[in-house]
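Asker: Build the 3D model from these lines:
(chains A, B and C)
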Amino acid sequence: MTPPPDAVAHAVTEAADPRLAKKKFLHDAAERVRDSGHRAFVRKALGGYYATRDAQKARYRDYEQARDAASLAKWSAVNRLDELLPLFAANFAKNGGQVHWARDADEAREIILGLLRAARAKAVIKSKCMTSEEIHLNQAMEADGYGVVESDLGEFIQQLRGEPPYHFVFPCMHVRRDEISDLFQKHLGSAATSEPEELTMIARRHMRRLYVEADVGITGANFLVAETGQISITENEGNARLTAGLPRVHIAIAGIEKVIERLDDLAVLLPMLATAGTGQPLTCYNTLYAGPRREGECDGPEEMHVVLLDNRRSAILADPEQRDSLHCIRCGACLNVCPIFKNVGGFTYGTTYQGPIGSVITPHLRGLADWNHLSGASSLCGACTDACPVRIDIHHHLLHNRRNAARTAPGFLERLGHRLFVFAASRPWLFAAGGWAFRRSLGLLKVLRPPLLKDWLATRDLPPAPPRSFRSQWGRR
Amino acid sequence: MSPTRTGGARETILARVSEALRLPAPPPHLKSHALEPAPTGGLPVLPLEAARPWLPDGGDSADESRRILGENLGRLRAEFHRLADTAAAAEFVARLARDRGWRRVALHGDPLVTAAAGGLACDTYRVDAGSFDKHALEACDAGVTTCEALVAQTGSVLVSSATCGGRALSVLPHVHVVVATADRVVPTLGEALDAARVRHAGRLPSMLSLITGPSRTGDIERILVLGAHGPRELLVLLVG
Amino acid sequence: MRIDLFIPCFVDQMAPRVGMAVAAVLERLGHACGFRAAQTCCGQPSFNAGYWDEARAVAIRTVGVFEGAEAVVGPSGSCVAMLRVFYPQLLAGTPHETAALDLAARTFEFGEFLVKKLGVTDVGARFPHRVTYHDGCHGLRELRVKEEPRLLLKAVRDLELVECDEPESCCGFGGLFSVKYPMISTAMAEVKGGSLARTECDYIVSSDPSCQLQLDGWLSRNGKKPRTIHLAEVLAGADA
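Answerer: Presented below is the predicted three-dimensional model:
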């Protein structure tokens, strides 16, 4: 059963031509910030986050130490990926699981479609998985004729709307309850209601039937534990537990960077994921899957597969300066605190991974020249880095991306402008003269509105130029 | 797909990873504690004692831990009941079933569970007696399981597919009742995971799950709703 | 102590009164101030745009300009962060690295300098107005300056200090970001400016003239009452 997509005015997947990605970004950003109702709604949705998170942080005896421990657990694992990735694969296989390796999105899709064919699947149920968004798995499965249903409530709503997730932890945070009611009336034939609880129960009743009927369940994985050969899945709703519990076949897809060394590492990573992501002490269900149903167990899938995806993660790994962006546990904290995200919304990024971490990794995953504007669209306030539970140097990586872009694909005029500025800055008399000229002509410039100044003056005033500079006044003291 | 292509994928990815790691990355900027070199001379490690005490206290005594467990369960909107013995537990469960009008209760063959469900007047469904019937389970009003641990520090229930009636029993029915003896209470998450790894060494259950409160979602305008897909209610009965 | 004033190019040309106020406060406290006229710009615009080779040339020059200075004090969180945090990175691996680290150790933001280096919180100022404080992101997150300006303001006679409801939210300047992504920058100014204006203050105190430019620009265009004032001007006793 594939629900038909709703045509929604601001649904964005990607720019058809990546070189237009920047233009689309600027266009969408301008449109989004004009929609003050939308911005207010999103701000309200994220408004409770700070208080809840801070209350939970206060319960830690030493939150900063916890960040250190989490950071170190991921650093150790990522920097020993050559050892731990095969170890995970071997241990998972020992538990009866089947490992598949995918170099890129195409290969991953091919593998999963092959597994669906072999399983003679008819109904596929999925739990939330950003990696599956990254490889556009749903579209591929639907094209091959499989009915796919997203079981996570937020993802289900987005699926009905024909939109990708707005935020990787809160997929439909931009949607109002009356819009959800209309959606359910239209697609599920339910009665109109504006109560969140009733809407949730409608989805619950609808989904229960699907869990029981599905023959393949597809999930992601938050962590891959090398020591034990288990995958760890974190969720609040219980839909992933049902997706991995009831169908005959369980397929999990995960990026290779999800590997951690020991089960014990979860004792710090699971609480940090919950606290930073949603302000909870622990997310409702944290489940470790070692393999298919064991002999003696009364239920569970007959087959379990893990698809390990590279898709240019090894390229980020090869950059020692930005390797720590692979420590990301996809908690979403950086999105929650980012003023850019809160003002332009999740769709404006035009790519799978939004927000600050998305702006860091997307140029690596999809091309620096085409996607560097995401690293440019930031005031470098650093709120993201402060919020990150595993201490990724997020905002500095935006700077690093900008530097890399300037080196490999500099803008001619832009570089010329900087070189002229530097030329002047190396000669104090010239610099002072330039400053004097600027002050004298500011009045005229405000009228003429040359580029850059024009962009400022569209929405903000500029002060009048003072008659004398500091150095001039100081000289006369 | 051809075996050579997939065989090639593993080798290619591992080769890329090895190549990538030839350049070392700087260690993270830690705020606390100087890093100590690992005993094997490999990557630095944070002293284990330093890594431990960051979450709230799980209690220094059994009484303390029980108290903290109860508090945390309350915060999670789960119910916590202390019962003197299995007879009291059976009476509690039977009364619950009558008050709620339950017609069918699912359970598994653990002795504590069968004892606690012993007083039920309504139908019961044993998930592990004969072949598993997911339709029968779906029709049940409640599920009763035991657990491997109750984690005081987080208010979590640790269940496994090997010892707690499989995978679906503790998540599909609308109400989940957990029956456990007091010795199942452990202070911290780290200890619970450690104990599970040791307990199941060599033969891991296919599923281990930490349940922290009833199922919930905030997807609709960030308003908390219980019972998204998993149980709407979670009750923990501590016996003895 | 002889203090070398670090006057950012923007302050030099567009907000000289801020530089004069810094000197006035430091001199009132009994320190001699110097201004090395060879200084021009710290190179931050080029650095933030990714043109590090160009920025490096400016950095090398600036390190040379301040050679031998006992203390370098500047009224801008972002420019001081450039010297203290980013010059060592920019000049790492060059023959100027040591000099950059040396300069970094002697460079301070104005409020931080008063409280942490001079050990002063009361500079004998009077400013009979209701004010709120805007934390500039570089000062807050790169230099970890948060309490110092507030301690200084609380010691000012007849000054009423209130906090806004979005204290750590970015004003949206971000250097060239403000004109390359003007719609986002303006939206951020609207959020922060709105929050600051809601305190019903007379003045918004800032330690970063670039934040001042952005906030004043938005406040004035949108008919809001308060205007920004630099911390140095408040402490110099500027009384409207």
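Asker: Would you map the helices across chain B?
Answerer: Counting by DSSP state H, chain B has helices at residues B:3-20, B:48-51, B:62-75, B:86-100, B:111-116, B:134-138, B:189-199.
Asker: Return the nearest residue of chain B with respect to chain A.
Answerer: With CB to the nearest CB, the shortest gap between chain B and chain A falls at B:Gly230, namely 2.4 Å. To be clear about C-beta, it is placed using only N, CA and C from the backbone, and glycine gets the same treatment.
Asker: Thought A:Tyr285 was touching that residue, still the case?
Answerer: Yes. Counting by CB atoms under 8 Å, B:Gly230 touches A:Tyr285, with 6.9 Å between them.
Asker: list the residues that contact both of these two?
Answerer: Common contacts of B:Gly230 and A:Tyr285, defined by CB atoms under 8 Å, 6 or more residues apart in numbering or on different chains, comprise A:237-238, A:241, B:171, B:215.
Asker: Comparing the helices of chain B by mean pLDDT, which bottoms out?
Answerer: Among these, helix B:48-51 has the lowest mean pLDDT, at a mean of 42.
Asker: how about stretch A:396-405 against chain B, any contact?
Answerer: No. Judged by CB under 8 Å from any CB of the partner chain, stretch A:396-405 stays clear of chain B, getting no closer than 10.5 Å.
Asker: Count residues in the vicinity of C:His129, would you?
Answerer: 17 (other CB atoms under 10 Å in any protein chain shown).
Asker: surely it meets C:Ile204?
Answerer: No. Assessed by CB under 8 Å, C:His129 is found out of contact with C:Ile204, at 10.8 Å.
Asker: What's the separation between the residue nearest the centre of chain A and chain B?
Answerer: Chain A has A:Tyr353 as the residue nearest its centroid, 3.4 Å off, counting by CA atoms, centre = their mean. Distance of A:Tyr353 to chain B, given as CB to the nearest CB, to the nearest Å: 20 Å.
Asker: show me what contacts that residue?
Answerer: A:130, A:134, A:168, A:361-362, A:365.
Asker: can you tell me which residues contact the most centrally placed residue in chain B?
Answerer: The residue lying closest to the centre of chain B (CA atoms, centre = their mean) is B:Leu210, at 2.2 Å. B:Leu210 makes contacts with A:270, A:282, A:285-287, B:151, B:154, B:156-158, B:189, B:192, as judged by CB under 8 Å, 6+ apart.
Asker: Report pLDDT for A:Ala203.
Answerer: Looking at A:Ala203, its pLDDT reads 95.
Asker: per the record, what domains does chain C have?
Answerer: For chain C, automatic domain parsing gives the domain ranges C:2-117, C:130-235.
Asker: circling back: which of the contacts of B:Leu210 has the most neighbours?
Answerer: B:Ser156 (30 neighbours).
Asker: is that residue in a bridge, and if so with what?
Answerer: Beta-bridge partners for B:Ser156, by DSSP bridges, are B:Val151.
Asker: dump the residue contacts of it.
Answerer: Each residue near B:Ser156 by CB under 8 Å, 6+ apart is listed here: A:282, B:150, B:189, B:192, B:210-212.
Asker: how much space between it and B:Arg232?
Answerer: To B:Arg232, B:Ser156 is 18 Å away according to CB to CB, to the nearest Å.
Asker: Give me the nearest residue to A:Glu213, chain neighbours excluded.
Answerer: Among residues not flanking A:Glu213 along the chain, A:Ala123 sits closest, at 5.4 Å (CB to CB, 6 or more residues apart in numbering or on different chains).
Asker: State the phi and psi torsions of that neighbour.
Answerer: When read as degrees, to the nearest 10, the backbone of A:Ala123 gives phi -120, psi 130.
Asker: repeat for C:Arg2
Answerer: Dihedral angles of C:Arg2 (phi, psi; degrees, to the nearest 10) stand at phi -100, psi 120.
Asker: Would you pull up the residue in chain A closest to chain B?
Answerer: Chain B sits closest to A:Gly238 of chain A, with a gap of 2.4 Å, by CB to the nearest CB.
Asker: hmm, I was thinking of chain C
Answerer: Closest point on chain C to chain B, by CB to the nearest CB, is C:Arg144, at 11.2 Å.
Asker: before we move on, the earlier item: make TSV from the domains of chain C and add mean pLDDT and mean neighbour count to it.
Answerer: Listed next are the domains of chain C as TSV, based on pLDDT from 0 to 100; neighbours: other CB atoms under 10 Å in any protein chain shown:
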stretch	mean pLDDT	mean neighbour count
domain C:2-117	96	21
domain C:130-235	96	22
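Asker: now for the ones you listed, which one comes closest to A:Gly220?
Answerer: Minimum separation from A:Gly220 across the domains of chain C (CB to CB) falls at domain C:130-235, 30.5 Å.
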